[in-house]
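Peer 1: Give me a 3D structure for the following:
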Amino acid sequence: MAKQTPSDASRLSDALAKVTQELAQAQDELQQYHQRLTALHRLTDALASSPDEEAIIKVLTKGLPPLVDPVMVGVARSHCNRVWIWSDSQNREREAQVRRYLLRRLGQSPSHDAESSAPLRGGRSRHLRLVSPSASHASMQEPDSTMGQEVPLALGSEESGMLLIQLRNLDRFTPREREAFETVGAALSLALRYAETHQQARTNALRDPLTDLCNPQAFESALMRELSVGLRYGVPACLLLLDLDFFRIVNDRLGHAAGDQVLKMVADVMRETVRDSDIVGRYRGNTFAVVLPHTNRQQAHSLAERLRERVERYPFTIKAGQVRTTASIGLAAVQDNAVASISEWMMVGDAALKEAKAQGRNRVILHAPKPPGVACAMALSCAA
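Peer 2: Have a look, this model is predicted:
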């Protein structure tokens, strides 16, 4: 057996040290991979359990740093005019540039207000204006690798947006990181679609299926909110109850399908006439209701008159021909002495509506609360 020389021992020691170093490096890489994989699983699970868009974006911006070291995260949605931007403190000034890039990649264009307003913080959303299809096609921007890693948000062949991730070193993206980003993009797409479906189901549960107005449950919730604010802070609010005059004749002569067409058109007229802050609902049958927040009796009466006139003049054109109808409207203010609950508010409005019917229909009647002394005297008179 050949005698081992000091140089052989040195080479063997170096080889063992190299192997040990490689094993330690491999173990470190394996540990990092395991940590990233765990972080990826946590992120995808958290995305799947997030209830709405805002929560999903917050989960995304909190869950990405354990995977990579992003300096900028952008999410743009192509069908609802929304974009979210998150960045670290050193890249705030680049948010507007990234926002414009994402929008143009999707064939969208930010409005002037969106361009000039302050950068977003914490993944909050910004509303944007879509350009026309022809302009969208003309302004579509080609991918720019210097902007970061792009991940399309898609389910099947339907693309719904884009995820953009920027790292401190743009050359650092590895195949493993790109694969992780694609997984995140798929989970994000599913989470956003689920949130949309969930929100749509909630919206449908609060909508009248015929007119797409608030159903009684949703309307009473709005009524309770305005009543609470009015009673607590003395803020004015009014309730309108609108009932179509002689509507039974339409159903009896032309059929319920024709009556439904008229109800839909009345709902459209009401939506077009009231303000954005007003809440319109279908209360029952051919009776509609409107809550007017921060509105006194005089303002509410003016709006009710405009609404009555529009219904009277509107040509309700259906398959059977043209239908003319009128509306009686009862008005009740939250400041009335008789109003202390939503049921009482509705009763006061209903009393005003019945008075409008009794006085000949096609008119607005404002419930006039009687002073306590007068009400007491009337009660004693009736008792006598």
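Peer 1: All the strands of the stretch 201-350 of the chain, residue numbers only.
Peer 2: For the stretch 201-350 of the chain, applying DSSP state E, counting those that start in this stretch gives strands covering 237-244, 279-284, 287-293, 316-318, 321-323, 327-333.
Peer 1: neighbouring strands for the third one, and are they parallel or not?
Peer 2: This points to strand 287-293. When pairing is defined by DSSP bridges, strand 287-293 lines up against strand 237-244 (antiparallel), strand 279-284 (antiparallel).
Peer 1: now the angle from it to strand 327-333?
Peer 2: 40 degrees (axes from the mean of the first three to the mean of the last three Cα atoms, to 10 degrees).
Peer 1: closest one to Ser157 among the strands of the stretch 201-350 of the chain?
Peer 2: Checking the strands of the stretch 201-350 of the chain against Ser157 by Cβ to Cβ gives strand 279-284 as the closest, at 38.4 Å. (Glycine included, C-beta is placed from N, CA and C.)
Peer 1: Give me the buried stretch members for the closest one, please.
Peer 2: Neighbour-count burial for strand 279-284 flags Ile279, Val280, Gly281, Arg282, Tyr283 (criterion: 16 or more other Cβ atoms under 10 Å).
Peer 1: can I get the CA coordinates of it in CSV?
Peer 2: Output of strand 279-284 as CSV, limited to C-alpha atoms (Å, rounded to 0.1, in the frame of the first residue of the first chain):
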residue,chain,number,x,y,z
ILE,A,279,-82.1,54.5,-2.3
VAL,A,280,-85.0,53.1,-4.5
GLY,A,281,-86.8,49.9,-3.7
ARG,A,282,-89.8,47.9,-4.8
TYR,A,283,-91.9,47.7,-1.6
ARG,A,284,-94.8,45.5,-2.7
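Peer 1: how distant is it from the center of its chain?
Peer 2: 21 Å (Cα atoms, centre = their mean, to the nearest Å).
Peer 1: Likewise for stretch 189-203?
Peer 2: 11 Å.
Peer 1: what about the strand or helix carrying Ala191, average pLDDT?
Peer 2: Per DSSP states H and E, Ala191 falls inside helix 175-205. Averaged across helix 175-205, pLDDT comes to 89.
Peer 1: what ranges of the stretch 101-250 of the chain fall below the confidence cut-off?
Peer 2: Applying pLDDT under 70 to the stretch 101-250 of the chain flags the ranges 109-143, 145-146, 170-172.
Peer 1: quick one: the helices in it?
Peer 2: Taking DSSP state H, counting those that start in this stretch as the criterion, the stretch 101-250 of the chain carries its helices at 112-116, 133-139, 175-205, 216-233, 247-254.
Peer 1: got the contact list for Asp52?
Peer 2: Ala195, His198, Gln199 (Cβ atoms under 8 Å, 6 or more residues apart in numbering).
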